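# I'll drop the sequence and a predicted model, then ask my questions.
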Amino acid sequence: MSTSPSKDRAEALLRVGMIGFGMIFDEIYRPFFEAVAECPVWIPEFGRCDVILAAAASRTGRRAETYRQQAPPKVASFQSFHRPEAVSQLLAACTRLPTAV
């Protein structure tokens, strides 16, 4: 089996939503999203998969907005939701087809 990408494989996109934007996000998920923005996930049997942070839902939205201002451009385009309807808005944003990656 070849380990190089096949031209007949479609590229995939995984849109991820984060509920909560606290210490766990800063220590674990933030470095991951910043890394995959520069180097997509690639598995020999599957091919390339772009992973993007599509949306965040949190109680106040303050930490998400602060991060968006500091984040690399490829990561900063996520939507941020807060208030009681935040989770349903996050789910809708993650299932919506993107206009561009």
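Nice, I can see it. Numbers count the residues shown, from 1 in each chain.
# pull the longest strand from the chain.
strand 47-58 (DSSP state E).
# can you tell me the strand partners of it and which way each runs?
If you go by DSSP bridges, strand 47-58 pairs up with strand 12-19 (parallel), strand 41-43 (antiparallel), strand 79-82 (parallel).
# those: lowest mean pLDDT?
Of all those, mean pLDDT reaches its minimum on strand 41-43 (a mean of 88).
# how far does that one sit from the chain's center?
In terms of C-alpha atoms, centre = their mean, to the nearest Å, the centre of strand 41-43 is found 15 Å from the chain centre.
# contacting residues for Gly20?
57-58 (C-beta atoms under 8 Å, 6 or more residues apart in numbering). Any C-beta I mention is one placed from the backbone N, CA and C, and that applies to glycine too.
# and it, what's its pLDDT?
Note on Gly20: pLDDT of 94.
# start at 520, not 1
With the count now opening at 520, the last piece we talked about shows up as Gly539.
# and it, how far is that from Leu532?
23 Å (C-beta to C-beta, to the nearest Å).
# equivalent analysis for Pro603, please.
Taken as C-beta to C-beta, the span from Pro603 to Leu532 is 29 Å.
# ditto for Pro559
Counting by C-beta to C-beta, the gap from Pro559 to Leu532 is 9 Å.
# comparing those two, which residue is more hemmed in?
Between Pro559 and Leu532, Pro559 has the larger neighbour count (other C-beta atoms under 10 Å), namely 18 against 15.
# so where's this protein shaky on pLDDT?
For the chain, the stretches flagged by pLDDT under 70 are 520-529, 616-620.
# all helices of this protein, in order?
542-543, 549-557, 581-589, 605-614 (DSSP state H).
# tell me, what residue is most central in the chain?
What sits nearest the mean C-alpha location of the chain, by C-alpha atoms, centre = their mean, is Leu572, with 1.6 Å.
# quick one: contacts for Ser596?
Ile571.
# gap between it and Gln589?
14 Å.
# cool, Ala605 as well?
21 Å.
# repeat that for Ala573.
For Ala573 relative to Gln589 (C-beta to C-beta), the value is 18 Å.
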